[in-house]
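Asks: just need the structure, nothing else, for what follows:
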Amino acid sequence: MLSEEAIKNEIDSLLKMGDELFLNLEGVMFRRHYPLWYGKSLPYIHEYNSLCYNDFIMCFKNETRKEITASTYTLSDYIIGVYQVSSGYQINVQYAVRGLLDIQIGLLNACISTIDGSLNKLKNFVRADLFYSELESAEYLCQNKFYRAAGNIAGIVIERHLIHICNDLEIVLPNKPTLGVVIDRLYDADRIDDVEKLRLKHLNEIRVKCDHVKETEPNEAEAKNILFGARETLSKNYV
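Replies: I've put the predicted structure just below:
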């Protein structure tokens with residue numbers, strides 16, 4: 001299980017990545033790395049800054065808007081190349097994107113102040129409603145062909161869910177365990193059989209591919225495979 005210090009270190013790493021994205025809005029770098037940053041930041045916002053969870057999401061996508069205006073423009077618009085509002089006029093894209101990203105970085109930074117000595121578990125981090133919300137975001141990314149980011153989020157969902165299961169079963173895990181290690185521990189504890197282990201290992205292979213930018217770009221089939229696999233994993237009873 002992650003210690004408080006490890007959680008703070010992960011958030012701090014995401015804040016540094018956010019600052020780098022803020023300074024590099026143009027080109028492939030932002031479009032490739034921002035969805036990964038968003039997917040990794042979202043669970044921490046939900047856990048440690050829940051009152052602003054919807055605000056964080058709204059900066060990325062606004063599914064309730066009736067038209068694109070300067071005030072409803074989102075980061076997902078920028079990523080898919082929308083530079084005009086519904087009226088046809090171009091907006092100051094750089095100004096809008098910097099403002100939205102700055103809000104998200106600020107919300108993530110606020111998480112650190114909420115972490116204290118009483119937070120020794122992450123049970124709220126892995127609630128089913130959060131997992132399904134994250135998968136919906138991943139499916140949205142997949143629909144827009146951001147397969148790596150979609151697979152990354154799905155992999156995080158699987159990993160956190162299985163860590164939660166291990167904690168409930170009092171299965172000892174190393175500090176900051178990988179998904180592969182978690183799967184092995186569940187198997188060693190006779191909580192999953194050979195078939196389930198192979199299924200989870202296959203999903204982990206896709207997750208690893210999605211998590212490393214230098215790897216070959218994941219394809220649509222792989223992204224959909226891990227998304228379906230994540231939902232299947234959430235529906236299983238390992239206890």
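Asks: let's check: the centremost residue of this protein is which one?
Replies: Geometric centre of the chain, nearest residue: Gly39, 2.3 Å, by Cα atoms, centre = their mean.
Asks: please tell me how far the residue lying closest to that residue once chain neighbours are set aside sits from Ala96.
Replies: Leaving out its chain neighbours, the residue that sits closest to Gly39 by Cβ to Cβ, 6 or more residues apart in numbering is Ile153, at 4.0 Å. Yep, even glycine has a C-beta here, placed from its N, CA and C like the rest. Counting by Cβ to Cβ, to the nearest Å, the gap from Ile153 to Ala96 is 24 Å.
Asks: who's more crowded, the two?
Replies: Using other Cβ atoms under 10 Å, the more surrounded residue of Ile153 and Ala96 is Ile153, with 31 against 18.
Asks: so what's the residue nearest to the centre of the chain up against?
Replies: Glu134, Ser137, Ala138, Leu141, Ala149, Asn152, Ile153, Ile156 (Cβ atoms under 8 Å, 6 or more residues apart in numbering).
Asks: after the helix or strand bottoming out on mean pLDDT in the chain comes which helix or strand?
Replies: Every helix and strand in the chain was compared by mean pLDDT, DSSP states H and E; the lowest is helix 128-143, with a mean of 84. Following helix 128-143 in sequence order, the next helix or strand is helix 147-168 (DSSP states H and E).
Asks: coming back round to it: between which two of the contacts of Gly39 is the distance greatest?
Replies: Greatest spatial distance among the contacts of Gly39 (Cβ to Cβ): Leu141 and Ile156, at 12.8 Å.
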